[in-house]
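A.B. asks: Predicted model, plus sequence, below.
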Amino acid sequence: MSPAVAFQDATAIVGIAQTEFAKHLEPSETELACRVIVDACADAGIDPAEVDALCSYTMEATEEVEIARNIGCREITFFGQIGYGGGAGCGVVGHAALAVASGQAEVAVAWRSRKRGSGPRPWTSTAVQLKVPGAWTRPFGLLRPVDEIAMLTRRYMHEYGATRDHLANVALAARLHANRNPAAVMYSKPLTREEYMAARWISEPLCLYDNCLETDGALACVVVSAERARDLRHPPVYVHAFAQGLPPQHQTMVNYFTDDPLEGPAWACARRLWKNAAFGPQDVDVAQIYDAFTSLVLLSLEGYGLCARGEAPGFTEDGNLEVDRGRLPVNTSGGGLSEAYVHGFNLINEGVKQLRGTSTAQVAGAETCLVTSGEGVPTSALLLRR
Amino acid sequence: MTNAAAFSGGEAANLGPSVEGFLTPVVDPESAPFWEYTDRGELRVQACDACGRFRHPPRPMCPWCRSTQRGWIPVSGRGRVWSYVVAHPPLLPPYTAFAPYNVIVVELDEDPTVRFVGNLVTGPDGRLDEIDPATIRIGEPVEVVFHRLWRQDGSSVVLPRWVRAGD
């Protein structure tokens, strides 16, 4: 058996938790992280003392030593952080699964705690972001992530005839799902196509509703072996495959300096993901696709082979991304656009909920879920199954 | 003192914003020659001495032939608009004053995979907001011009900017 085949379904996500999502939460990021990790352990029915692997993002404010001495771990034997912001999420869970599958640990926790709603916007820092590639972009006023992705979006629209209506399809599907999810920041706020079209610009061709939320919140999940998972409280959600991706000549967020900028990190990640999986894109029942900006969903649909290159605009039509009517419901919690923006960790937990059958926008009989992290940066993805 | 003269080698040097508050590039050992050439009104692109391929942004090793022998090749300064955005607030204060303004990516005639981020203006010292964004077209031909930004400490850096070809 190849190592990739041995990894398939060898581990499972058995506990998930999230804090409240809001523009401002009072507790520190460290306190939110500790609470949510303990809650995820409780969801799994595992004593936090048993946690022996801690996986997080390099942008995480709380170091492993702080988590361990707060939640009372006996011994941590695996720890690691993954870089590139929103590209990290699935990688963090993937590394947790690798640690368990290879015997480095038995109870692995992955988490993200972030006060992005009440904290500063990272792009407003002018001191630390002017090295490569920022030296080649920021002095010209390409200041924010939205500007960087708007540049790729304009080119994409030019090459494939995508319109603002296609971007709106992504935003409206996310909002529709959020309107069914009481935990979502936008739960009680419907969005119409007219409101989308009338919204103020942020960086043309992207308007306000093409941008994700700014949220305080934290999420965590617990990964154990498939064998142990069978005895726990919830039906196991297996980690079927996992991949990371960093394509040739890539520069983070500004993938303009390569032969084919529209074939970004998702494509590299997807090739490994599908190579290591026992099923293909056509077998995905529901997808959680990283949506810091609506256009990243179009790029990712193509990158992960859910549709052919250039066909994502048409793929979004006729409510195709919406639960109860679409061929591939996407971001069923509301995602980063309408539930919460916590560097994509809510997409992972929503994938778990779908396969437990407990989503507020449940896809009937969902057996497989693709979860992706940020396109446009070195990225990662998970294939989950029940 | 020019930006390049202020660069002492080894570490990247962040000399702070321009007197107007615009961000200025951090110069590191790999990029220093680029800014030395723009200071003289020349656009040059790093290229591999061994296989001849251009690469941008600059770096120590050629990713195609792995040579670390490298130099700086003059280019025509002509290219085409590959994409563009129109930035609206919230922005950093000095940029807000010019919003909405364009930022473009230009692909060079010599090698369309060599792309520069810049601004479309009517002349070297034109305002960021002087071109009507509705008139910008992907594929339209542009030419480089050079704009000097002065810093508080008296140093300066010259940014490549772009005007419509023939203007």
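C.D. replies: On my side now, so go ahead.

A.B. asks: use CA for all of it now, contacts and neighbours both
C.D. replies: Noted.

A.B. asks: Confirm for me that residue B:38 is in contact with residue B:156.
C.D. replies: No - between residue B:38 and residue B:156 there is no contact under C-alpha atoms under 8 Å: 11.1 Å.

A.B. asks: the more surrounded of the two?
C.D. replies: Neighbour tally, residue B:38 and residue B:156, criterion other C-alpha atoms under 10 Å in any protein chain shown: the higher count belongs to residue B:156, 23 against 20.

A.B. asks: For residue A:95, the count of nearby residues, please.
C.D. replies: Neighbours of residue A:95 (other C-alpha under 10 Å): 24.

A.B. asks: I figured residue B:109 hits residue B:81, correct?
C.D. replies: No - with contact defined as C-alpha under 8 Å, residue B:109 and residue B:81 do not form a contacting pair (10.7 Å).

A.B. asks: Could you tell me which helix of chain B is the longest one?
C.D. replies: Counting residues, the longest helix in chain B under DSSP state H turns out to be helix B:32-39.

A.B. asks: helices or strands up against that one?
C.D. replies: helix B:3-6, strand B:44-48, strand B:156-164 (3 or more C-alpha pairs under 8 Å, 6 or more residues apart in numbering or on different chains; DSSP states H and E).

A.B. asks: mind listing the strands in chain B by residue range?
C.D. replies: All strands of chain B, identified by DSSP state E, fall at B:44-48, B:70-74, B:78-87, B:101-108, B:115-118, B:141-150, B:156-164.

A.B. asks: Adding distance to residue A:75 and mean pLDDT as columns, could you present the helices and strands packed on helix B:32-39 in JSON lines?
C.D. replies: Compiled in JSON lines, the helices and strands packed on helix B:32-39 are given as follows (distance: least, C-alpha to C-alpha, whole Å; pLDDT from 0 to 100):
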{"stretch": "helix B:3-6", "distance to residue A:75": "50", "mean pLDDT": "40"}
{"stretch": "strand B:44-48", "distance to residue A:75": "50", "mean pLDDT": "98"}
{"stretch": "strand B:156-164", "distance to residue A:75": "53", "mean pLDDT": "97"}
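
A.B. asks: can I get these in CSV with distance to chain A?
C.D. replies: Below are the helices and strands packed on helix B:32-39 laid out as CSV (distance: least, C-alpha to the nearest C-alpha, whole Å):
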stretch, distance to chain A
helix B:3-6, 13
strand B:44-48, 13
strand B:156-164, 9
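
A.B. asks: Nearest to residue A:117, out of those?
C.D. replies: Distance to residue A:117, taken as C-alpha to C-alpha, is lowest for strand B:156-164 among the helices and strands packed on helix B:32-39, at 34.7 Å.

A.B. asks: tilt between the closest one and strand B:141-150?
C.D. replies: 160 degrees (axes from the mean of the first three to the mean of the last three C-alpha atoms, to 10 degrees).

A.B. asks: buried ones in strand B:156-164?
C.D. replies: Using 16 or more other C-alpha atoms under 10 Å in any protein chain shown as the burial criterion, the residues of strand B:156-164 that qualify are B:156, B:157, B:158, B:159, B:160, B:161, B:162, B:163, B:164.

A.B. asks: which other helices and strands contact that strand?
C.D. replies: Judged by 3+ C-alpha pairs under 8 Å, 6+ apart, strand B:156-164 is in contact with helix B:3-6, helix B:32-39, strand B:115-118, strand B:141-150.

A.B. asks: one more time with 6 Å, if that's ok
C.D. replies: strand B:141-150 (3 or more C-alpha pairs under 6 Å, 6 or more residues apart in numbering or on different chains; DSSP states H and E).

A.B. asks: Alpha carbons of the longest helix of chain B, as CSV, please.
C.D. replies: Extracted in CSV, the C-alpha atoms of helix B:32-39 (Å, rounded to 0.1, in the frame of the first residue of the first chain):
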residue,chain,number,x,y,z
ALA,B,32,19.6,47.7,-5.4
PRO,B,33,20.8,47.7,-9.0
PHE,B,34,17.2,48.1,-10.3
TRP,B,35,16.8,51.4,-8.3
GLU,B,36,20.3,52.6,-9.3
TYR,B,37,19.3,52.3,-12.9
THR,B,38,15.9,54.0,-12.5
ASP,B,39,17.8,56.8,-10.7
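
A.B. asks: any idea of the mean pLDDT in it?
C.D. replies: For helix B:32-39, mean pLDDT is 97.

A.B. asks: which ones are touching residue A:310?
C.D. replies: For residue A:310, the contact set (C-alpha atoms under 6 Å, 6 or more residues apart in numbering or on different chains) comprises residue A:160.

A.B. asks: any idea how far it is from chain B?
C.D. replies: Residue A:310 sits 17 Å away from chain B, taking C-alpha to the nearest C-alpha, to the nearest Å as the criterion.

A.B. asks: so where's the chain uncertain?
C.D. replies: Using chain A. A:127-131 (pLDDT under 70).

A.B. asks: sorry, should have said chain B
C.D. replies: B:1-12.

A.B. asks: Chain A contacts on that one?
C.D. replies: Contact residues (C-alpha under 6 Å from any C-alpha of the partner chain) of chain B with chain A: B:23-26, B:83-88, B:113, B:117-118.

A.B. asks: contact partners of stretch A:11-30?
C.D. replies: Contacts for stretch A:11-30 (C-alpha under 6 Å, 6+ apart): A:36, A:39-41, A:43-44, A:62, A:97, A:113-114, A:117-118, A:215-226, A:236-239.
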